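In: okay, sequence plus prediction incoming.
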Number of protein chains: 4
Amino acid sequence: MSGWTLDQVAQHSSPESCWVIIQNRVYDVTEFLPEHPGGAKIILKYAGRDATAAYVPIHPPDALQKNLPPAKHLGPLSAEASQTLTSDQNRRKKTKDEQRVEEAARKKPSLARILSLGDIEVVARQTLSSKAKAYYTSASDDEITHDENARAFSRFFFNARVMRPVARCDPSTRILGFNSSIPIFVSGAALAKLGHPDGEANITRGAAQTGIIQMVSSNASLSYSNIMDAAVSSQTLFFQLYKHANDTIAAQRVREVDALGYKAIFLTVDAIVAGNRERDIRNPWELEDEEKGAPTYWSENDASEKEVDGMGTAGALIANDDRDMTWEKTIPWLRGVTKLPIVIKGIQCIEDAVLAVEAGVDGILLSNHGGRQLEYSLPPMEVLYRLRQKCPDIFDKVEVYIDGGINRGTDVIKALCLGARAVGLGRPFLYAQSAYGAPGVVKAVQILRREIVTAMRLIGASTVDDLRPEMVERVDWQPRLPAKL
Amino acid sequence: MSGWTLDQVAQHSSPESCWVIIQNRVYDVTEFLPEHPGGAKIILKYAGRDATAAYVPIHPPDALQKNLPPAKHLGPLSAEASQTLTSDQNRRKKTKDEQRVEEAARKKPSLARILSLGDIEVVARQTLSSKAKAYYTSASDDEITHDENARAFSRFFFNARVMRPVARCDPSTRILGFNSSIPIFVSGAALAKLGHPDGEANITRGAAQTGIIQMVSSNASLSYSNIMDAAVSSQTLFFQLYKHANDTIAAQRVREVDALGYKAIFLTVDAIVAGNRERDIRNPWELEDEEKGAPTYWSENDASEKEVDGMGTAGALIANDDRDMTWEKTIPWLRGVTKLPIVIKGIQCIEDAVLAVEAGVDGILLSNHGGRQLEYSLPPMEVLYRLRQKCPDIFDKVEVYIDGGINRGTDVIKALCLGARAVGLGRPFLYAQSAYGAPGVVKAVQILRREIVTAMRLIGASTVDDLRPEMVERVDWQPRLPAKL
Amino acid sequence: MSGWTLDQVAQHSSPESCWVIIQNRVYDVTEFLPEHPGGAKIILKYAGRDATAAYVPIHPPDALQKNLPPAKHLGPLSAEASQTLTSDQNRRKKTKDEQRVEEAARKKPSLARILSLGDIEVVARQTLSSKAKAYYTSASDDEITHDENARAFSRFFFNARVMRPVARCDPSTRILGFNSSIPIFVSGAALAKLGHPDGEANITRGAAQTGIIQMVSSNASLSYSNIMDAAVSSQTLFFQLYKHANDTIAAQRVREVDALGYKAIFLTVDAIVAGNRERDIRNPWELEDEEKGAPTYWSENDASEKEVDGMGTAGALIANDDRDMTWEKTIPWLRGVTKLPIVIKGIQCIEDAVLAVEAGVDGILLSNHGGRQLEYSLPPMEVLYRLRQKCPDIFDKVEVYIDGGINRGTDVIKALCLGARAVGLGRPFLYAQSAYGAPGVVKAVQILRREIVTAMRLIGASTVDDLRPEMVERVDWQPRLPAKL
Amino acid sequence: MSGWTLDQVAQHSSPESCWVIIQNRVYDVTEFLPEHPGGAKIILKYAGRDATAAYVPIHPPDALQKNLPPAKHLGPLSAEASQTLTSDQNRRKKTKDEQRVEEAARKKPSLARILSLGDIEVVARQTLSSKAKAYYTSASDDEITHDENARAFSRFFFNARVMRPVARCDPSTRILGFNSSIPIFVSGAALAKLGHPDGEANITRGAAQTGIIQMVSSNASLSYSNIMDAAVSSQTLFFQLYKHANDTIAAQRVREVDALGYKAIFLTVDAIVAGNRERDIRNPWELEDEEKGAPTYWSENDASEKEVDGMGTAGALIANDDRDMTWEKTIPWLRGVTKLPIVIKGIQCIEDAVLAVEAGVDGILLSNHGGRQLEYSLPPMEVLYRLRQKCPDIFDKVEVYIDGGINRGTDVIKALCLGARAVGLGRPFLYAQSAYGAPGVVKAVQILRREIVTAMRLIGASTVDDLRPEMVERVDWQPRLPAKL
């Protein structure tokens, strides 16, 4: 068969019959429209046309295979049609945002000059597409919790100890029994391909080179097996589970990653509905206005318009997730599906930390989803501090981690002093892989390693076990921090 | 009779004989001059002339009928005179402020792009006349209490609970026994016509569509019956009473609204004299200077000038209000006039909350009048917090509400956690109706509903009864907030 | 005698024989040089020449008479010489600063548009000469105490009471038994002539018109009798004593003002040496540079220069003051010199408040000299708060006042709630008289009266006795204040 | 021998045979390459060439003699070669930074106009080379501890006492038994020659003139004997020891300074590894870019680059220091080497203060190395406060000093009130000598003396013994400080 012509496809451009082209192959998505987590509307925008550019950066390669029955895979375009698409694509004028990104990419500084995670973030913000930047940086409402996550660390100072032998200093630790060269891990974060074509695999390769553990998101933009393929044999990967509302579908996902060799399940509990990420929601309008040169103004016709129900990228990703999880029901269910260790990601108060321990999990990750979910959720560092003050025995019962707002080695050390086993970083690794690919990820870990070792030595610790609660003091004033990026 | 000529009217341009034209009708206000709450001076500016443009936006349509004896209604202008006025009005050059407003109205963004109450406020500030903006936004002295009302919420963080079933989430409640689709109500605010020709009726219509309750101000710019006419049959309206110093006049007002079907009396106790709203007082001078292109400078003649006694728009509205109310006298009086539930609006400390309960009222609204009255009155959220700490039993005895500084669904949820039955918003609805009419009001409620439901789910609450004091923690630092508008 | 020629005077231009011309009269100041509190150097700058312009604004008219023996008053210039000086003065090109001031004076806003003390300060800062502005506004070191004095008030909020009869509201009080129309007084401040040719008399006249009490500084730029002459018969004036190191000279000054009819002595104890007011010290250099168009640069010759020993205007004023006062010695001495009530001005901590009471004084003025003396002295409002917390009985034993940082009626009310009898304002009255003369002073009092009465009514107080400690609460956060001038 | 030609030297430009020219003399540093604390790479940049300009400002004159065996001192260049170098140097175009510095030096203000240490810092920042400024001003990570060191003082206010005789006021004290005219000393700081060709000797001469004590750093840019030579006979110098990892080398250094007449050993314990001073590390790149007119951009080749292991200037200085010091081992060792008093410099918490006393030292210097080492080390003033609260008896057992963040006389007085014997200043003296040489140092001391005496008098103290803990109060708010330089 010589393949489909563009005209043939173009005849299926309605909700009644909706075909789309993705990477020169034709798919009939008519019946899939109502199931699409991002809504039918966004697909219909491409009905009867090529959807490749919009589709690829935010879907794992196996998404079509998993979600669309084989009968709906209608086969390739004709060679001529493919060629037409390619030449259309080549002739297409670049958007202003694409031009900006290309210019920024040409001017980005040498990796040798990158000294801190902040430096990496600066480069990433310059080189990311507007869409990627909006998705990566956005946080809830007024982004106060996002900012407070980082500011919380600044209220903790060290009681540094001197005259202790620290010539030899070993920052390594074990997380759920797996080795980690430094006490940090990559916290799950979605859609790495938005920032770099190699996506999550950049992080996997960087983690392999530096001996740290990567937690892979359910919403990764590569398939779970793609990512595992990028790993070296001895490498540890964890899996961040967004539980589907349908237990069977959810179990299938868990069994898939268990079989692929992922070593732990981090069950996400703080994102059962999407946070209100206005920066992300506004982005398409801003791009549109930028292209047009002016915004769309209000007209009387608008008076009839309905409530905006879109919740940005995040809303689409978790539309089908389980909003009725409970300690009584969900943990036993998950134990029944897998023997892997279970960690609860998204504990935001002491009471739930206690309940998690009672439910028998292996670890808890104090997190408010990087400030992307509930605005005014307490910063994880503050929750950790309260846990240390009021439930110090909990640190003997489960491993405790935190993520959110970590930018420096001293942040990591503060959390470890108060009892955290390790500290997760999400956005910094998205930024690193976006700006510099796998070498950027390696660089980020090297920076953290250097900062962690320096801080350990200057605080008088030669191993992570030397880090003690009394080395950290919460002060009653707020230091003045550098301006935000 | 063929009506008055302009010349005839013009002969009555002195304090001794003062006629004015309003909407093509002639009135003899000579005897009314000393009674005018806004002072005689402002009327005399229009003596013998057309006063329509100044009069209409700040007086309810029934004001002349209520305040001027029929004999002083002198009848219509002649057709020729009316025509002359119209053509004068048409020829009149628009002021710079009018031009600015028209331009802004043309450019205002589509309602579909409005994501938050802050977005609405931005548009309103652009599209409001300078006079309306000054009146709506102004607050006392240095506007510190106004700002602190909002900042107070930012010191309360959530102890969010996870693993609770929240797929179904119902944000509805009852206020004084009346249904409300979400736990907010429209707090009384004066002079909606300053921002939109339909005035308070925009809010009434928007409230009907979204199932919330509107509290109508004594100082509304539509008559109380106009507003009730805009309501649907099942709709609940409350009445915000500014008590006239004369008990008989005051009782007449209460009986009027009772008869019209208003369902509760919110007795305002925090505005017995006008706050010092400099922004509002300065506005006429700024407009004058803008037209002239330069301010008026000091000359030696000014040395004899007297103390400024004008207190801006607010001073005029409450000039005749009762400054000698007491618990012992006023509450029994009001109970004698009406059987409607009574709520005290303007409680600012614990002691008065207790006295209010002892006086047997049905509810208290913790409020400092949106920071427009006593500068350095404690923010209502702080008063609510103290009430919860020191008098928790009060929440079992009366319904407690707060208003002032609410901008987000999380603000609402924080107040409910601490025991508030519902939360009032004033300015946001003025802004919404000014910028977009009734659809703007609907949008504002939709936004709040979405934010409230999201926060409830992410905090682990499926009904308002699930919101508990322990879910909120007052922190000992001040988060960094976005810059003011 | 036909008077001195300019040539004759010019021959006495050395330390050995130094004559100067002041207001067309010739003085031999050779022997006075070492006694001049401002140092010999500044006089020698004018040796043999006319010194009128530099002398007049900072010396009271009786200074020559008091300090220079009659034999050194050499008599008038010749008519021709006087004429020459006048025409020289007229031909003299105005400095850039003089030009700026004249322009600003032309453009100053009408007094009718002045709404707050802040408005007055804005105008004053625009219309004052650079020298006057530097002297009036300057404070110690980094001016932190100056700023904190005002910021301290912002941490006190009201527990406002409602439902109290306040239609009648009387803000008057008695200070040391003397009537005051509102609970404020003019705190002593030097050199009013720097800002306005009528100097302190402007304040005297304004105080008479508004019924408040003026405290006159030892360092007034009018003589004590000039100022008393400006007063009306029933008017109360207090005297701020800077005690001379020589008891006899000091006693003479006290007896002089006692005889003139001043009603109390405020002994200044916080200014025994001058604070480091850099803004004041720098001012002459800045003026010099402004005229030249460029600053003076460092040259190798400068290497030998000595320590700067000048301490600006303030240093000169108090050079001969008593630095060895004690409770045991000074209070009995002063009681021996006068029967007038004695108040200690400059109490900065609880311990000294107690000692002052034990020393039997009639009142204490909590003050850190408007932040012009010891940098990091506690703000008076904070000292008052500590006094109320730890020594509440002191308020029954002496009258307590505070000054420093008061800008609004609410500031006054806060201090009165905590026990202050009255509140002093210094700079605001200097600014008011500088910008608008006596009418400016009247305006300032009218503004304060309006703000005080409004605050009293809104807090539920109809007399100053109704103002109670429980109406004020010190909060644990710092409100965001408007930007500084 | 007529000396080496440039060609001869140029033949030794590889790691295998590396010669360099310094001040017209030739050295064979081939075998020294691996020992160079700053790494071989930086030397190889000058292999076979003149290294004078890079070498001189950061090495003491005796560095070659101490570190390079006599056989490697190959002797002088030929006269012709020297002349060539000189004329090359003269022809060399000045860098932009050199031009900026020369211009700034011409414009620097007269010393007579310098009123505060802040003024000196402003001039220094303008006149220092970019390299010197980067090294002097840089601090760790985000420079938060650096800033907080200074901010800590602003939270301490005075309870000033009045009516105390202070006409005579003596600010002198004794430090380790040695006289000091005011209670401050020069804290050790490296590389004064970076800012001024006379380097540390400027400070020595200024200290002699003003009667204060200088602590000389192990990393001084003059030799220890050069500096002692600049001193007058009675002058006291202390020595700041960076202990070499090799005890024998370390002992040799101690014995050298003991023999030279240094009077105490301040053992540095807070700088065993270098802090992360990004400003310093970035400086060479910025200079390079400034010359080129554009930065170096990332290229694909960079992907292979290794971790940056340079730690800026600081890293090189302490590369061989002892990272395994302990109380048990190091103090007895040092006591065995010298009879001089021993002070521990770099105590950062109470626990180590106690251990230092138990180890029998003579004094402790609370210091976090000016914020240049461990980011988030508690500010020394906060440590001092905790020491006073929790271990007040420690002040009877050893002398306690602090350094870090001192800018004003009031800072000094606050520390003395809480028990400090004296206060060290590092950077201010580097700035003073850089901007104005020895006269700048004298000026800095004069300023501090004036500020200290003024503060003592205004607080009611005539000797340092009158300064008591109850005169200082830590407040619970953060004053607003002037903007940073």
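Out: Yes, it's here. Numbers count the residues shown, from 1 in each chain, chains lettered A, B, ... in the order given.

In: count the residues that sit near residue A:169.
Out: 18 (other CB atoms under 10 Å in any protein chain shown). Just so you know, the C-beta spots here come from the backbone N, C-alpha and C atoms, and that holds for glycine as well.

In: hang on, it packs against residue A:453?
Out: Yes: between residue A:169 and residue A:453 there is a contact under CB atoms under 8 Å: 5.3 Å.

In: center of chain A - which residue?
Out: The centroid of chain A falls nearest to residue A:189 when counting by CA atoms, centre = their mean (1.0 Å).

In: residues touching the nearest residue to that one once chain neighbours are set aside, list them.
Out: Nearest residue to residue A:189 in three dimensions, chain neighbours excluded: residue A:426, at 4.1 Å (CB to CB, 6 or more residues apart in numbering or on different chains). Residue A:426 is in contact with A:186-189, A:370, A:403, counting by CB atoms under 8 Å, 6 or more residues apart in numbering or on different chains.

In: from the chain's centre, how far out does whichever helix in chain A runs longest sit?
Out: Ranked by number of residues, the top helix in chain A under DSSP state H is helix A:427-459. A distance of 17 Å separates the centroid of the chain from that of helix A:427-459, by CA atoms, centre = their mean, to the nearest Å.

In: now tell me what touches the following helix or strand past it from outside.
Out: Sequence-wise, the next helix or strand downstream of helix A:427-459 (DSSP states H and E) is strand A:472-474. Around strand A:472-474, the neighbours that count as contacts under CB under 8 Å, 6+ apart are A:155-159, A:385, A:414, A:417-418, D:378.

In: which of these are close to chain B?
Out: Contacts with chain B within the contacts of strand A:472-474, as defined by CB under 8 Å from any CB of the partner chain: residue A:155.

In: and stretch A:181-197, which residues are buried?
Out: With burial defined by 16 or more other CB atoms under 10 Å in any protein chain shown, the residues of stretch A:181-197 counted as buried are A:181-196.

In: for that stretch, measure first residue to last.
Out: Using CA to CA, to the nearest Å, the end-to-end distance of stretch A:181-197 comes to 27 Å.

In: am I right that residue A:174 sits in a helix?
Out: No: applying DSSP: H, G, I helix; E, B strand; the rest coil, one finds residue A:174 to be strand, outside a helix.

In: quick one: residues contacting the nearest residue to it once chain neighbours are set aside.
Out: The shortest distance from residue A:174 to any non-neighbouring residue, by CB to CB, 6+ apart, is to residue A:180 (6.8 Å). The contact partners of residue A:180, by CB under 8 Å, 6+ apart, come to A:172-174, A:211-213, A:236, A:422.

In: neighbour-wise, which of the residues you listed leads?
Out: For the contacts of residue A:180, the largest number of neighbours (other CB under 10 Å) sits with residue A:212, at 28 neighbours.

In: tally of neighbours for the closest residue to chain D within the stretch 251-400 of chain A?
Out: Nearest residue of the stretch 251-400 of chain A to chain D: residue A:381, at 12.7 Å (CB to the nearest CB). Counted by other CB under 10 Å, the residues lying close to residue A:381 total 29.

In: what of residue A:324?
Out: Other residues close to residue A:324 by other CB under 10 Å number 15.

In: relative to chain C, how far out is it?
Out: 39 Å (CB to the nearest CB, to the nearest Å).

In: surely that residue is in contact with residue B:162?
Out: No: counting by CB under 8 Å, residue A:324 stays clear of residue B:162, with 12.0 Å between them.

In: can you tell me which residues contact residue A:189?
Out: A:136, A:217, A:426-427, A:429-430.

In: tell me the contacts of residue A:413?
Out: The contact partners of residue A:413, taken as CB under 8 Å, 6+ apart, are A:158, A:452, A:455-456, A:459, A:461, A:467.

In: most surrounded residue in these?
Out: In terms of neighbours by other CB under 10 Å, the contacts of residue A:413 top out with residue A:455 at 31 neighbours.

In: what about the helices in the stretch 51-200 of chain A?
Out: A:52-55, A:63-67, A:79-91, A:96-106, A:117-127, A:130-137, A:144-153, A:200-210 (DSSP state H, counting those that start in this stretch).

In: now do the stretch 251-400 of chain A
Out: A:278-292, A:312-317, A:327-337, A:350-358, A:380-390, A:394-397.

In: can I get these in a markdown table with mean pLDDT?
Out: A markdown table is the format used below for those (pLDDT from 0 to 100):
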| stretch | mean pLDDT |
| --- | --- |
| helix A:278-292 | 85 |
| helix A:312-317 | 71 |
| helix A:327-337 | 97 |
| helix A:350-358 | 98 |
| helix A:380-390 | 98 |
| helix A:394-397 | 98 |
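
In: what about residue A:16, neighbour count?
Out: By other CB under 10 Å, neighbour count at residue A:16 equals 8.

In: could you look up the SS state of the closest residue to it other than its chain neighbours?
Out: Using CB to CB, 6+ apart and skipping the chain neighbours, the partner closest in space to residue A:16 is residue A:30 (7.1 Å). For residue A:30, the secondary structure call by three-state DSSP comes out as coil.

In: dihedrals phi and psi, residue A:30?
Out: In terms of degrees, to the nearest 10, the main-chain angles of residue A:30 are phi -50, psi -50.
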